[in-house]
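Student: give me coordinates for this.
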Amino acid sequence: MAIKNNRIMTFKVDHDLKMLLDTLPNKSAFIRSAVLAASRSTCPMCRGTGMLTEHQRKHWKKFEKMHDVFECKICQSMHIRGGAQ
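Tutor: Take a look at the predicted model:
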């Protein structure tokens, strides 16, 4: 992966994560891949915080009246289905 305009960033890790990262042949590539993968699977409502603001909750309540959240019996993943069943 070619990276233009490289920038160095640092972050704190605990001992166990440091030990794990030290076993990788290319820590930077692994961290870049992990951050990109996480950003693609972030909840569009909370953007990864796990919390909704008061305004987001109001919007969600309106949305929820026309949709339902259910667990797929095949893959056990939660899904949103349009038009509450």
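
Student: now the residue nearest the centre of the chain: how far from Leu36?
Tutor: When the chain is reduced to its mean C-alpha position, the nearest residue by CA atoms, centre = their mean turns out to be Thr42, at 2.9 Å. The spacing between Thr42 and Leu36, counted by CB to CB, to the nearest Å, is 11 Å. (C-beta placed from N, C-alpha, C; glycine too.)

Student: try Lys18
Tutor: 22 Å.

Student: follow-up on the earlier one: how many other residues sit next to the closest residue to the residue nearest to the centre of the chain other than its chain neighbours?
Tutor: Nearest in space to Thr42, with sequence neighbours left out and distances taken as CB to CB, 6 or more residues apart in numbering, is Gly48 at 4.2 Å. Gly48: 11 surrounding residues under other CB atoms under 10 Å.

Student: that's a helix at Gly48, yeah?
Tutor: No: Gly48 is assigned coil when assessed by DSSP: H, G, I helix; E, B strand; the rest coil, not a helix.

Student: may I have the phi/psi pair for it?
Tutor: phi 90, psi 0 (degrees, to the nearest 10).

Student: tell me where the chain has helices.
Tutor: 15-22, 27-40, 54-66 (DSSP state H).

Student: so for the lowest-mean-pLDDT helix or strand in the chain, what gets flagged as buried?
Tutor: Ranking every helix and strand in the chain by mean pLDDT, DSSP states H and E puts strand 78-82 at the bottom, with a mean of 88. Buried residues in strand 78-82, counting neighbours by 16 or more other CB atoms under 10 Å, are absent.

Student: repeat that for stretch 41-48.
Tutor: Result for stretch 41-48 [16+ other CB under 10 Å]: no buried residues.

Student: measure how far that stretch is from the centre of its chain, please.
Tutor: Relative to the chain's own centre, stretch 41-48 is displaced by 6 Å; criterion: CA atoms, centre = their mean, to the nearest Å.

Student: what's next to that stretch, contact-wise?
Tutor: 38, 50, 52, 56, 60 (CB atoms under 8 Å, 6 or more residues apart in numbering).
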